[in-house]
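**Student:** structural data only, the sequence is not supplied:
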């Protein structure tokens, strides 16, 4: 027990030393954060024109109250929580059309909030790609605050509603 604790302590200290010795790289993803994403609506509501919404609760903290939100819904034969690449997507809607503005803005004040993310066909995906269709899709929710990055990836049914 004592030997295991000593080995684990040494490993943690070594990892911390490497992390602080390495230069910061702007391309590295943020570290895991303490923000929470909960109670994701069991379905994605989509319209024939390509817009969609995802409803969920979140909590995050930043000194200035800001954060970054990314929500995506991807459909495709190989898309799953283990294969999230948009390269295999047939349809792809996201918050990239309105980043951190309006209904897609977070309030990172340490309180629990309800957010209805507004998605449209992703502007960086081929424009000829079809809109979301009824069926199962990957829902990716990413919240970044001053503590790092928190993720929630799950498969949800897409329900098509009237525009």
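**Tutor:** Right, received. Where do you want to start? None of these values were measured; they are calculated from a predicted model.

**Student:** CA only for contacts and neighbour counts going forward, please
**Tutor:** Will do.

**Student:** and the nearest residue to residue 38 once chain neighbours are set aside, bridged to which residues?
**Tutor:** Using Cα to Cα, 6 or more residues apart in numbering and skipping residues adjacent in sequence, the residue nearest residue 38 is residue 57, 5.1 Å away. Residues in a beta bridge with residue 57, per DSSP bridges, are residue 38, residue 114.

**Student:** might you report the residue contacts of residue 57?
**Tutor:** Residues counted as contacts of residue 57 (Cα atoms under 8 Å, 6 or more residues apart in numbering) are 37-40, 112-115.

**Student:** now those residues: which count as buried?
**Tutor:** Neighbour counting by 16 or more other Cα atoms under 10 Å classes 37, 40, 112, 115 among the contacts of residue 57 as buried.

**Student:** mind picking the two most distant members of those?
**Tutor:** Across the buried ones among the contacts of residue 57, the longest distance by Cα to Cα is 13.3 Å; it joins 40 and 112.

**Student:** circling back to that earlier point, state the distance from the residue nearest to residue 38 to residue 160.
**Tutor:** Residue 57 sits 22 Å away from residue 160, going by Cα to Cα, to the nearest Å.

**Student:** tell me which residues of stretch 105-119 come out buried.
**Tutor:** Within stretch 105-119, the residues that count as buried by 16+ other Cα under 10 Å are 105-109, 112, 115, 117-119.

**Student:** hmm, I was thinking of stretch 122-138
**Tutor:** 122, 125, 131-133, 136-138.

**Student:** so where's this structure uncertain?
**Tutor:** Low-confidence segments of the chain, defined by pLDDT under 70: 1-27, 29-30, 163.

**Student:** how about the helices in it?
**Tutor:** 2-21 (DSSP state H).

**Student:** could you tell me the end-to-end distance of stretch 81-94?
**Tutor:** For stretch 81-94, the end-to-end distance is 16 Å (Cα to Cα).

**Student:** and stretch 111-131, how far from the chain's centre?
**Tutor:** 11 Å (Cα atoms, centre = their mean, to the nearest Å).

**Student:** ok, residues contacting it?
**Tutor:** By Cα under 8 Å, 6+ apart, stretch 111-131 touches 48-60, 71-72, 90-97, 103-104, 107.

**Student:** out of those residues, which are buried?
**Tutor:** Buried among these (16+ other Cα under 10 Å): 50-56, 58-60, 71-72, 90-97, 104, 107.

**Student:** quick one: which of those sit in strands?
**Tutor:** 52-56, 58-60, 71-72, 91-94 (DSSP state E).
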